[in-house]
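Asker: Whatever this is, show me its structure:
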Amino acid sequence: MIESGSTKRYLNDYKSHYIADAEAIVDPAHLNPHWRASELRRIQFLLRKLELKSGYKVLDVGCGSGWLSHQALKYNVNIVPIDIGLSGVKSARDRYPHVRHFHVGDLYELPFLDAVFDSLVLSEVLEHIENVFDALKESSRVIKEGGHLMISVPYRENIIQHLCVHCNQLTPGNAHLHSFDSETLVKTCKEAGLVVDKIYFIGNKFLETIGFPLFSVRWPHRVWSGIDEMASKILHKPSFLAVRARKIDCD
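Answerer: Below you'll find the model as predicted:
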C-alpha cells in the first residue's frame, strides 16, 4: 500500500543501503542470457514508447548499471544518468565511457534546476522508494511542461519477506517496498500532478517461461512487441507495468 501525498519517511538509512547495493550491481554482459535478453527488450520498449527526438535532454534516474543510458544514445539524445551511490556511478561510467554527464544524487532531492529535461525515465526504481509521491513530485519538478516520464515497475509483485541474518528483522526480497497494479500507479501519478497518457504491460510470463525473449532476441522489435502484447491479451500475466505520464501546467 502506498501512502500517497505523504512526506513521511521511516527508512532513515536508505542512502547507506543503496550506496552499498550499488556495489552489487551486475554488469549486463554477465547476466544470465535469458534474463539479459528479457531486460534488453524491456529497455528497448521503454525508450521506443517515450517517443524521443534528436537533441532531447533525458534524465535516467536510478541508472544502475548504465545500460538504459547506453541504449538511449541510439536516439541521439543528451542522456544524463544519475544514481545515489558514487561507486555504482563510477562503475557505470567505466562500463560505458561514451555515456557522458553521469551524476551522483538522491531522487528525493535531484541536483538540477526546475524544468530542464524534456523526458525522464524511472526504470525499476519506484518499487524501491519508500515515498513514491515525493519521488514523483521531484521528478516532475525537473522536466519541462508537457515533458514525459516513463515509469516501469514489476506488475502485481508478490513481495516475500525474509528474516535478515544481520539485524534479525523482516526485510523485503530485492528491497522492493511496493507492489503496483495499473490503478495504483495511475492514481499516484495523478496525485503528484501528472497525467498518464499510456499504460503498457510488458514481458508476458508464459512467453518468458518458454524462453521467447532469448530465441527472439534478433527479431525486429515490432515483431517481439506485437507477440508479447497479443500474449498478454490472451493470458494477462505480464512481468512489468509501464506508464507514460505527462507534466501539465498547474497554473
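Asker: Strands of the stretch 51-200 of the chain, residue ranges please.
Answerer: With DSSP state E, counting those that start in this stretch as the criterion, the stretch 51-200 of the chain has strands at 57-61, 78-83, 103-104, 117-123, 143-154, 161-163, 170-172, 194-204.
Asker: Could you tell me which strands sit next to the first one in the sheet, and their orientation?
Answerer: Strand 57-61 sits in its sheet next to strand 78-83 (parallel), strand 117-123 (parallel), going by DSSP bridges.
Asker: about what we covered before: with mean neighbour count, distance to residue 215 and mean pLDDT as added columns, please give the strands of the stretch 51-200 of the chain in TSV.
Answerer: C-beta coordinates here come from the backbone N, C-alpha and C atoms, glycine included. Formatted as TSV, these follow (neighbours: other C-beta atoms under 10 Å; distance: least, C-beta to C-beta, whole Å; pLDDT from 0 to 100):
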stretch	mean neighbour count	distance to residue 215	mean pLDDT
strand 57-61	25	29	98
strand 78-83	24	30	97
strand 103-104	16	38	96
strand 117-123	24	24	97
strand 143-154	21	23	96
strand 161-163	10	33	67
strand 170-172	13	33	65
strand 194-204	18	14	97
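Asker: Those strands into JSON lines, with extra columns for distance to residue 230?
Answerer: Listed next are the strands of the stretch 51-200 of the chain as JSON lines, based on distance: least, C-beta to C-beta, whole Å:
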{"stretch": "strand 57-61", "distance to residue 230": "30"}
{"stretch": "strand 78-83", "distance to residue 230": "31"}
{"stretch": "strand 103-104", "distance to residue 230": "39"}
{"stretch": "strand 117-123", "distance to residue 230": "24"}
{"stretch": "strand 143-154", "distance to residue 230": "20"}
{"stretch": "strand 161-163", "distance to residue 230": "35"}
{"stretch": "strand 170-172", "distance to residue 230": "33"}
{"stretch": "strand 194-204", "distance to residue 230": "9"}
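Asker: Can you say which of those strands is nearest to residue 32?
Answerer: Each of these has some distance to residue 32 by C-beta to C-beta; the shortest is strand 194-204, at 14.8 Å.
Asker: rewinding a little: residue 41: which of the strands of the stretch 51-200 of the chain is closest?
Answerer: Closest approach to residue 41 among the strands of the stretch 51-200 of the chain is made by strand 194-204 (7.3 Å; C-beta to C-beta).
Asker: Check which helices and strands that closest one sits against.
Answerer: Contacts defined by 3 or more C-beta pairs under 8 Å, 6 or more residues apart in numbering; DSSP states H and E place strand 194-204 against helix 33-49, strand 143-154, helix 182-191, helix 221-234, strand 238-247.
Asker: how distant is it from the center of its chain?
Answerer: Averaged C-alpha coordinates place strand 194-204 at 12 Å from its chain's average position (C-alpha atoms, centre = their mean, to the nearest Å).
Asker: Mind listing the strands that strand pairs with, and their directions?
Answerer: Strand 194-204 has the following strand partners under DSSP bridges: strand 238-247 (antiparallel).
Asker: Of the strands of the stretch 51-200 of the chain, which is nearest residue 184?
Answerer: strand 143-154 (9.6 Å).
Asker: Would you mind getting the angle between the closest one and strand 57-61?
Answerer: Comparing the axes of strand 143-154 and strand 57-61 via axes from the mean of the first three to the mean of the last three C-alpha atoms, to 10 degrees yields an angle of 40 degrees.
Asker: would you put the C-alpha positions of strand 143-154 in PDB?
Answerer: Only the C-alpha atoms of strand 143-154 are listed here, as PDB (Å, rounded to 0.1, in the frame of the first residue of the first chain):
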ATOM      1  CA  ILE A 143      11.000  18.200 -16.500                       C
ATOM      2  CA  LYS A 144       9.500  20.800 -18.800                       C
ATOM      3  CA  GLU A 145       5.800  21.500 -19.100                       C
ATOM      4  CA  GLY A 146       4.500  18.800 -21.500                       C
ATOM      5  CA  GLY A 147       7.500  16.600 -20.900                       C
ATOM      6  CA  HIS A 148       7.100  12.900 -20.300                       C
ATOM      7  CA  LEU A 149       8.100  10.500 -17.600                       C
ATOM      8  CA  MET A 150       8.400   6.800 -18.500                       C
ATOM      9  CA  ILE A 151       7.900   4.600 -15.400                       C
ATOM     10  CA  SER A 152       8.400   0.800 -15.300                       C
ATOM     11  CA  VAL A 153       7.800  -1.400 -12.200                       C
ATOM     12  CA  PRO A 154       7.100  -5.100 -11.500                       C
END
